[in-house]
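J.: Just a sequence and a predicted model for now, questions to come.
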Amino acid sequence: MQRIRLRYAKRGRMRFSSHRDFARAFERSLRRAEIPMAYSAGFHPHPKISYVGAAPTGVGSEAEYLEIALAERQDPEQVRAAIDAVLPAGLDIVAARDVAQCPAGSLADQIHGSRWQLEFGDAADGLPAAVAALLAEETVLVDRLTKDGKRSLDARAAIVWVSLSISSSPASNAGEPSGTEAPAPGQAARGLGDGSGPGRAILDMVVRQVTPTVRPDDVLTALQSVAGFAPSQPPRATRLAQGPIDEAGAVGDPLGITQFVNNQTPVGTR
Amino acid sequence: MSANTADSLFDRLEPLLMQVSKPIQYVGGELNARTKDWDSVSVHWALMYPDAYEVGLPNQGIQILYEVLNERPDALAERTYSVWPDLEQLLRLNGLPQFTVDGHRPVGAFDVLGISFSTELGYTNMLAALDLAQIPLHAADRDDSHPIVLAGGHAAFNPEPIADFIDAAVLGDGEQVVGAITGVIAAFKAEGSPGGRDELLTRLAETGGVYIPRFYDVSYRPDGQLAEVTPNRTRVPARVSKHTVMDLDEWPYPKTPLVPLAETVHERMSVEIFRGCTRGCRFCQAGMITRPVRERSIEGIGAMVEAGLAATGFEEVGLLSLSSADHSEIAPLSKQLADRYEESRVSLSLPSTRVDAFNIDLANEFSRNGRRSGLTFAPEGGSERLRRVINKMVSHDDLINTVSAAYSQGWRQVKLYFMCGLPTETDEDVLEIATMAQDVIRAGRKATGSRDIKATVSIGGFVPKPHTPFQWAAQAAPEVIDNRLRKLRAAINSDKSLGRNIGMRYHDGEPSLVEGLLSRGDRRVGAVIEQAWRDGARFDGWSEHFSFARWMSAADVAFAGQPVDVPFFTTRERDVDEVLPWDHLDSGLDKQWLWDDWQDALTGYEQDDCRWTPCFDCGVCPTMGTDIQVGPTGKTLLPLAARR
């Protein structure tokens, strides 16, 4: 039995798929691509697939991971291409590696944190001050409604670093992750109503993997609770990376294909 | 209808989608979904299933027409479904209209809005969608800029309750008539739309196959009954006929079924193995209005299954029809399909199976790659007398023998479907359901030696439907149904050792009464629908959204000062010479034959199936120029090239 780890992306409108939606589409794509899956034993055999930490519904991702087990040996790149070819556009398998080539330990063992990007469509007045206020705290508890009821988690302690950039031109889409639709002209200013000036804010941050997971919306809740910051529309969130975190706060590749990439200086807010 | 008004709204929708539940249902992009360039075609269809995406997406009618229309060079079709109240509220707040999930275009920009009604309980969702689409609710208020609102599906066989809201209705199979309608609209537009909306509707009526309610005047008698329904212009027919596709092998749709990302009610590929049914169950509108029986050939089915699986990756294939085990070659078909897919993990299912057509060999073929979790049968009536009345002859002994065989072959659960409130029904008829369920448990225990045997009894309220022998019958009042079901539950639980292995699922009688009002109503019922919608009714098929009190108060308002009320349309038995609201709509069934069959029902006289006995003159074939098409063809399915 061969095990292959895959990295996939949820792009564009496919970020609205839930993890269950993805899992069903992925299993169907395995059949359409005729991947020789290994199946679990028992009365209802299931293809052997294990997922780690899926991005929340509505959040895009460039870095989701899963592991599949095959009944016969295959070239990982061919498996990747075959599955990718039959998945809907926007659910894209972007990398594959035989487990033997990957860093030792389970996939989950490699996941220490995530790098998230939050794009605010309107001029995010008060965002710099809110971020500063959040970082000034050691602990910010927020409540999240889960199906098991309300849970309290520390949204501040899990943050490794935050970087904020505000572009002066609303039309420029610097930092747009590939695959997302460009907003219509004028959209950045829509819904503001107060004419508080142009600008598009992008919040870039690395959040440590803790239990329960701190998600982008938990950080937003924290920004609201420390500084009353409430954007008129929720930001568009994307996971850019997840994996090990090095000493400089850069997030690495759990498949070990690429080195740590740190194109953002972790300076906190400016 | 200029092209720029049809631009995608997605950028404006996107921020709203982050705030609603299950946003994936609104984004489209399903496997096998299509988008065509707006300006490349003349005729633009929006196809709506008036319920939530999770219910509407698997609908075969919509999927078939979506593909048939998109294959035409002169047309495109996009889909739209009812939006949940959370998104409806946000759309209204942001001034956004009802949109299609394919191109996210405003529904109001299309030439035709085709709505498929499997059930009358979708009517309020139509009004919600029209209003959200900024299309005037009343057909009379629409102008040349608005789509033609076209109703289809089984409920369209009596579209009178929605006559004020629709421009047109088509009866029967849609595959061919959507092409004919497209042709009429394309020619009309090419001529520069002479005479506007009125002329276009007249041209559609002239074909004889499109019903335009506004071209017919309805008059009433002082007692509230219909006096007559007459055409009010010369170019329209006195009666409008249903459509019948005569060679299913020529229409192998859907070829590439839609595969949603969102979870839906049916996660399988469906192949319709025949259309129509002549078993003659008197309650069954589907069986009456889809005659005659037309089988798809064993080779045609084999090709559709193979192509559909390759296009979708589904792991279950459902062989659909009104009574699937009645296909003349069901035994070789099931064996050969099971042989083909033995090595893969594809399982086969046969959703509608009669007890008398079922056999263990067949069931074993269907469970070869699947599970033996449950078998479903629908005796419909609790007592043998009642089953003679409804012409669904399944004897108690047949059922017990069949389930005994099934249990001994490894099945552990049987589901039994019944109706309550059938004509002539008494408490005793319904209480026999308990006896039957208890005997099923006893038979299962005997056959297996195990006490771990389960049976579920599922009961729905009977709603008399147009174009059936029961169209004259009095519908049972909700109190009658609820009372009988209470007694049934007590009877099931009277023997604890058996009763704890019997599950009972039922709906209370109130939604059925509203469905009855909408099914056999005339144009005066439209005001009730509109009032109910204005009072907040939508998603009436969902018990958490349905309000009986809202419907009854809407009826009080709408019927005020009129000689009719809810009982007039529901619990009142009709007489032989009453003009029925759908008499000018021709399903092919001879009204005298229906009446005779109704009289036979009252005396418990059974009617055979014309596939195996001589024609009994229901009228469909001579009226519609059709004929029964059944095998066997004697053809076989060859094994496919090796699949992994």
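T.: Sure thing, it's come through.
J.: Could you chop chain A up by domain?
T.: By the assignment in automatic domain parsing, chain A contains the domains A:2-109, A:111-243.
J.: Kindly report the same for chain B.
T.: Here the domain assignment for chain B is B:3-237, B:268-371+B:608-644, B:373-520+B:570-607, based on automatic domain parsing.
J.: circling back: weakest of the domains of chain A by average pLDDT?
T.: If you rank the domains of chain A by mean pLDDT, domain A:111-243 sits at the bottom with a mean of 78.
J.: on that earlier part again, may I see the domains of chain B organised as TSV, with mean neighbour count and mean pLDDT added?
T.: Just so you know, the C-beta spots here come from the backbone N, C-alpha and C atoms, and that holds for glycine as well. TSV is the format used below for the domains of chain B (neighbours: other Cβ atoms under 10 Å in any protein chain shown; pLDDT from 0 to 100):
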stretch	mean neighbour count	mean pLDDT
domain B:3-237	20	96
domain B:268-371+B:608-644	19	87
domain B:373-520+B:570-607	19	94
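J.: which stretch of helix or strand covers residue B:440?
T.: Element membership of residue B:440, judged by DSSP states H and E, is helix B:427-448.
J.: circling back to that earlier point, let me know which of the domains of chain B is the nearest to residue A:247.
T.: When the domains of chain B are compared for distance to residue A:247 using Cβ to Cβ, the nearest one is domain B:3-237, at 34.8 Å.
J.: hmm, the closest one in reach of chain A?
T.: Yes - Domain B:3-237 is in contact with chain A by Cβ under 8 Å from any Cβ of the partner chain, via B:10-12, B:14-15, B:17-19, B:22-24, B:26-31.
J.: just the strands in the stretch 1-150 of chain B please.
T.: B:43-52, B:75-82, B:112-116, B:148-152 (DSSP state E, counting those that start in this stretch).
J.: And the stretch 151-270 of chain A, by the same measure?
T.: A:159-167, A:200-208, A:236-243.
J.: you'd agree residue B:595 is up against residue B:471?
T.: No - under the criterion of Cβ atoms under 8 Å, residue B:595 makes no contact with residue B:471, lying 9.3 Å away.
J.: contact partners of the helix holding residue B:440?
T.: With Cβ atoms under 8 Å, 6 or more residues apart in numbering or on different chains as the test, helix B:427-448 has contacts from B:379, B:381-383, B:385-386, B:396, B:399-400, B:403-405, B:407-408, B:412, B:414, B:416, B:418, B:420, B:422, B:451, B:453, B:455, B:457, B:459, B:484-485, B:487-488, B:491-492, B:494-495, B:498-499, B:501-502.
J.: same check, this time on stretch B:570-580
T.: B:225-229, B:466, B:471-477, B:513, B:516-517, B:520, B:595.
J.: CA atoms only for stretch A:80-93 - export them in CSV, please.
T.: C-alpha atoms of stretch A:80-93 as CSV (Å, rounded to 0.1, in the frame of the first residue of the first chain):
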residue,chain,number,x,y,z
ARG,A,80,-2.4,14.6,-8.8
ALA,A,81,-3.0,15.5,-12.4
ALA,A,82,-5.7,12.9,-12.9
ILE,A,83,-7.7,14.0,-9.8
ASP,A,84,-7.3,17.7,-10.6
ALA,A,85,-8.6,17.1,-14.1
VAL,A,86,-11.9,15.8,-12.9
LEU,A,87,-12.5,18.1,-9.9
PRO,A,88,-14.6,21.3,-10.5
ALA,A,89,-12.6,24.3,-11.4
GLY,A,90,-11.6,26.1,-8.3
LEU,A,91,-11.0,22.9,-6.3
ASP,A,92,-7.4,22.4,-7.5
ILE,A,93,-4.9,19.7,-6.5
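J.: Might you report the residue contacts of the residue positioned nearest the centre of chain A?
T.: The centre of chain A sits closest to residue A:239, judged by Cα atoms, centre = their mean, with a distance of 2.3 Å. By Cβ under 8 Å, 6+ apart, residue A:239 lies in contact with A:55, A:59-64, A:114-116.
J.: Can you tell me which of those is closest to chain B?
T.: residue A:59 (9.1 Å; Cβ to the nearest Cβ).
J.: Go ahead and confirm that closest one touches residue A:240.
T.: No - at 11.2 Å, residue A:59 and residue A:240 do not qualify as touching, with contact defined as Cβ under 8 Å.
J.: Now do the residue of the stretch 251-400 of chain B found nearest chain A against residue B:259, distance only.
T.: Proximity of the stretch 251-400 of chain B to chain A (Cβ to the nearest Cβ) peaks at residue B:313, 3.5 Å away. Separation of residue B:313 from residue B:259 (Cβ to Cβ, to the nearest Å) stands at 7 Å.
J.: do residue B:460 as well
T.: Distance of residue B:460 to residue B:259, given as Cβ to Cβ: 30 Å.
J.: ok, now residue B:503?
T.: Per Cβ to Cβ, residue B:503 is found 32 Å from residue B:259.
J.: Residue A:81 now?
T.: Separation of residue A:81 from residue B:259 (Cβ to Cβ): 20 Å.
J.: correct me, but residue B:204 touches residue B:181?
T.: Yes - in this structure, residue B:204 is within contact of residue B:181 by Cβ under 8 Å, at 6.5 Å.
J.: who touches both of these two?
T.: Residues touching both residue B:204 and residue B:181 (Cβ under 8 Å, 6+ apart) are residue B:210.
J.: out of residue A:81 and residue B:259, which sits in the busier spot?
T.: It is residue B:259, of residue A:81 and residue B:259, that has more neighbours when counted by other Cβ atoms under 10 Å in any protein chain shown, with 23 against 13.
J.: what are the phi and psi values for the more buried one?
T.: With angles defined as degrees, to the nearest 10, residue B:259 sits at phi -120, psi 110.
J.: Check the one 10 residues further on too.
T.: Taking degrees, to the nearest 10, you get phi -90, psi 140 for the backbone angles of residue B:269.
J.: If we ignore the residues flanking it in sequence, what's nearest it?
T.: Nearest residue to residue B:269, sequence neighbours excluded (Cβ to Cβ, 6 or more residues apart in numbering or on different chains): residue B:314, at 4.1 Å.
J.: How about residue A:142?
T.: Excluding the flanking residues, the one nearest residue A:142 by Cβ to Cβ, 6+ apart is residue A:221, at 4.3 Å.
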